[in-house]
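how would this look folded up:
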Amino acid sequence: MLAELLLGAALLYLLWFAVFKKPDGLPPGRWGLPLVGYIPLSGKHMDEQFKDLQKQHGDIYLWRMGTQVMVFLHSYQLSKEALGSSAFLDRPTSEVFRLMEPVAHGVIGSNGNIWHTNRRFSLRQLRDQGMGKSSLVSAIQKQARELVEALKGQASKPERIPRDLRVAVINIIWHMVASKQFEKTDPKLQEFIDIFGDLMKNFGPIVMPDFIPWIKYCLPDFLIRRLFSVEILYTLKDKFFDYCQELIEEHKASLDPDDPKDLIDGYLLDIEASKDDPDTIRTERDLCILILNLFFAGSETTVGTLAFMFFYLANHPEVQRKFQAEIDEVLPKGLHSRTEAGTWKLLNILGFQVTR
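Next up, the predicted model:
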């Protein structure tokens, strides 16, 4: 009996030393318990706890959340240096993206050649088919006019930011991706907005399997889907991919190799050009994932930034008045065009302040 106890103790010690003990060379910070990491019990908001860690450990510290070691860089210069280095290009394996697709595609969850190829393609397409083109300017102006009308209807009243803001952002992304814009009452657009909204509301539970991946060995798949709201991901993926496939078929029927009009056209031409390459990553499935990634990356971030700008201006009416005076001076005849890009002063300052 004693031998079994000693053997068990030795195995536990080895397990602790090999798996749970904090490895040498890592930054200081909160390590916590095996399997669950450090669980904050102070009741402080997370940003206050990050400030406390910075005061205690300096600008580089860690926090083990579940089994994931999160390293925080608490200064602009450190972040700039790290994010500009090729050593930090790879992304960790994500249980969330693995649930959606067993093999990572697109740009958000991929690495290596798939990531590099899709990133280069996306930047080229957004530049050539979108940024700076008169068609995109017209699309943005149309959405801006409709958003302004919606905001006018809420003037001088304590109201939530109207749903029209999300409509505008999503429509502009659709324009760059598929040369398409929805009417704001379109049922399909409203359905996408609702699904994306549910996804953002439940993002905390959805990403939990990334921090406690061992849970998948303890619970059946149907229970994980329910507990962590993973079903929302499957709903979004299925509906979005079905619609993307419809758009792809429409684009195939109207594709002009000499005049690609949007990202889907450009991708279809790439598929055709690489069809004899056995190592090609170009597939219609990858295109659907890439489009979904662009919505993930561009919709909620842009909506959040603009919503904060509205909040900031509403709380600083003196800034709002100065900003309006500059708009009236630069644009006495109405809508903005690219020729006035260098004449804005307060707008540039406001943009930097909001994004900061």
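
ok, and the closest non-adjacent residue to the residue most central in space within the chain?
Most central in the chain under CA atoms, centre = their mean is Ala297, positioned 3.3 Å from the mean C-alpha point. The spatially closest residue to Ala297, leaving aside those adjacent along the chain, is Ile108, at 6.7 Å (CB to CB, 6 or more residues apart in numbering). Any C-beta I mention is one placed from the backbone N, CA and C, and that applies to glycine too.

that neighbour in helix, strand or coil?
For Ile108, the assignment made with DSSP: H, G, I helix; E, B strand; the rest coil gives coil.

that one: neighbour count?
19 (other CB atoms under 10 Å).

ditto for the one 5 residues further on
For Asn113, the neighbour count with other CB under 10 Å is 10.

ignoring the adjacent residues along the chain, who's closest to it?
Nearest residue to Asn113, sequence neighbours excluded (CB to CB, 6+ apart): Ile281, at 6.9 Å.

pretty sure the one you found is in a strand, no?
No - the assignment for Ile281 (three-state DSSP) gives coil, which keeps it out of a strand.

Thr108 and Ala314, how far apart?
Actually, residue 108 is Ile. It isn't Thr. Plainly put, Ile108 is 33 Å away from Ala314 if you go by CB to CB, to the nearest Å.

how is this structure carved up into domains?
Following the assignment in automatic domain parsing, the chain carries domains at 22-88, 112-304, 316-356.

for those domains, which one sits closest to Gly8?
Closest of those to Gly8 is domain 22-88, at 16.0 Å (criterion: CB to CB).

wait, the residue nearest to Ala297 sits on Phe295?
No - with contact defined as CB atoms under 8 Å, Ile108 does not reach Phe295; the gap is 10.5 Å.

so, low pLDDT: which residues of the stretch 51-200 of the chain?
Low-confidence segments of the stretch 51-200 of the chain (pLDDT under 70): 96-97, 99-100, 129-133.

to clarify, my last question referred to the stretch 251-356 of the chain.
Scanning the stretch 251-356 of the chain with the threshold set as pLDDT under 70 gives 333-342.

buried residues in the longest helix along the chain?
When the chain is parsed with DSSP state H, its longest helix is helix 284-315. Neighbour counts over helix 284-315 (16 or more other CB atoms under 10 Å) mark 284, 286-296, 298-300, 302-303, 306, 309, 313 as buried.

for stretch 39-57, same thing?
In stretch 39-57, counting by 16+ other CB under 10 Å, buried: Gln49, Leu53, His57.

is it true that the residue nearest to Asn113 touches Ile114?
Yes - checked against CB under 8 Å, the pair Ile281 and Ile114 is within contact range at 5.2 Å.

so what sits against both of these two?
Common contacts of Ile281 and Ile114 (CB atoms under 8 Å, 6 or more residues apart in numbering): His105.

my guess is the residue nearest to the centre of the chain contacts Gly106. True?
No - using CB under 8 Å, Ala297 is not in contact with Gly106, being 9.8 Å away.

ok, and what's touching stretch 198-218?
Against stretch 198-218 from outside (CB under 8 Å, 6+ apart): 35-37, 65-68, 94-96, 99, 224, 227-230, 232-233, 236, 300.

try 10 Å this time
The contact list for stretch 198-218, computed with CB atoms under 10 Å, 6 or more residues apart in numbering, reads 35-37, 64-68, 70, 92-99, 219, 223-224, 227-233, 235-236, 296, 299-300, 303-304.

looking at the residues you listed, which are in helices?
Per DSSP H, helices hold the following members of the contacts of stretch 198-218: 95-99, 223-224, 227, 231-233, 235-236, 296, 299-300, 303-304.

where does Glu183 fall, phi/psi-wise?
The phi and psi values for Glu183, taken as degrees, to the nearest 10, are phi -70, psi 150.

quick one: distance of stretch 205-219 to the chain centre.
Here stretch 205-219 is found 21 Å from its chain centre; the criterion is CA atoms, centre = their mean, to the nearest Å.

and Leu347, how far from Leu331?
11 Å.

now stretch 219-232: mean pLDDT?
Mean per-residue pLDDT for stretch 219-232: 79.

so which residues make contact with that stretch?
With CB under 10 Å, 6+ apart as the test, stretch 219-232 has contacts from 95-96, 99-100, 195-196, 198-209, 212, 215-216, 218, 233-234.

can you list the buried residues in it?
The neighbour-count check on stretch 219-232 (16+ other CB under 10 Å) flags Ile224, Arg225, Phe228, Ser229, Val230, Ile232 as buried.

dump the residues you listed to CSV, plus distance to Gly29.
What follows is these, written out as CSV (distance: CB to CB, whole Å):
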residue, distance to Gly29
Ile224, 29
Arg225, 33
Phe228, 26
Ser229, 29
Val230, 30
Ile232, 32
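
look up how far Leu236 lies from Ile291.
In terms of CB to CB, Ile291 sits 12 Å off from Leu236.

shared neighbours of Ala297 and Gly106, anything?
Contact criterion CB under 10 Å, 6+ apart; residues shared by Ala297 and Gly106: Ser122.

one step back: thinking the residue nearest to Asn113 is in contact with Asn118, fair?
Yes - in terms of CB atoms under 10 Å, Ile281 counts as a neighbour of Asn118; the distance is 7.7 Å.
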